[in-house]
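1. Structure for the following, please:
(one chain, ligands or ions: 1)
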Amino acid sequence: MVEVLLAFVSMSGNTEEIADLIEDQFDDTSVTVTRKDIDMDGLEAESLEDYDGILIGTYTWGDGDLPFELEDFHDDLDDVDLTGKDAAVFGSCDSSYAEYGKAIDIMSEKLKAQGAAIVLDNLKIELDPQDEDVTRCETFAQDFIKKIQTKAAYS
Ligand SMILES: Cc1cc2nc3c(=O)[nH]c(=O)nc-3n(C[C@H](O)[C@H](O)[C@H](O)COP(=O)(O)O)c2cc1C
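-> Here you go, the predicted model:
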């Protein structure tokens with residue numbers, strides 16, 4: 001059984017909408033997805049070791065900063081070995097800010113530094129997903145599922 005974690009933070013619901021679109025793509029696949037709203041459900045960094053694939057969603061705060069709710073999680077990842085995991089990062093951004101979606105880049109870099117393979121380009125959606133963004137979110141999820149299924153088939 002291939003297990004994927006879909007974990008996100010969302011202050012005003014935009015990143016959650018993206019997570020919903022991604023989660024839907026796992027229906028009727030052989031891949032099991034576990035959804036976590038980090039602010040509500042909590043998430044221990046070391047629990048990432050339990051999954052084959054990791055999808056993290058985040059909005060950006062301040063001047064290109066991680067949201068407060070992700071700071072401890074991000075720091076705790078220092079002690080977690082993600083070698084052998086496939087990962088990708090997504091989130092809602094706002095192009096009126098200079099550091100567009102920077103928290104997505106920060107989280108992606110951290111997962112990579114801990115050994116995960118970042119298998120897709122970071123997915124940055126402007127505010128809430130519009131029609132063309134829905135397709136981008138669905139394709140992102142489908143590509144991730146394909147990659148993780150292919151990897152499972154050869155391991
Ligand atoms: C105080 C503040 C600072 C922000 N800073 C950034 C930023 O640096 N870069 C960016 O792309 N978006 C920034 N945003 C925009 C949010 O990331 C954006 O509104 C996003 O859609 C929120 O996602 P959510 O609905 O999932 O919470 C900021 C928003 C606020 C309120």
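2. how about whatever helix or strand residue 36 lives in: buried residues?
-> Per DSSP states H and E: residue 36 is located in strand 31-37. For strand 31-37, burial by neighbour count (16 or more other CB atoms under 10 Å) applies to 31, 33, 35, 36, 37. For glycine as for every other residue, the C-beta is placed from the backbone atoms N, C-alpha and C.
3. which residue ranges form the helices in this structure?
-> 14-24, 38-41, 68-76, 102-113, 131-153 (DSSP state H).
4. Same list, the ones you listed, but as a markdown table with distance to the ligand and mean pLDDT please.
-> Output for these, formatted as a markdown table (distance: least, CB to the nearest ligand atom, whole Å; pLDDT from 0 to 100):
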| stretch | distance to the ligand | mean pLDDT |
| --- | --- | --- |
| helix 14-24 | 3 | 98 |
| helix 38-41 | 10 | 96 |
| helix 68-76 | 10 | 97 |
| helix 102-113 | 6 | 98 |
| helix 131-153 | 12 | 96 |
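5. Turn these into CSV, including mean neighbour count and distance to residue 119.
-> Formatted as CSV, these follow (neighbours: other CB atoms under 10 Å; distance: least, CB to CB, whole Å):
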stretch, mean neighbour count, distance to residue 119
helix 14-24, 21, 14
helix 38-41, 13, 21
helix 68-76, 16, 20
helix 102-113, 20, 11
helix 131-153, 16, 5
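6. Appreciated, that's everything.
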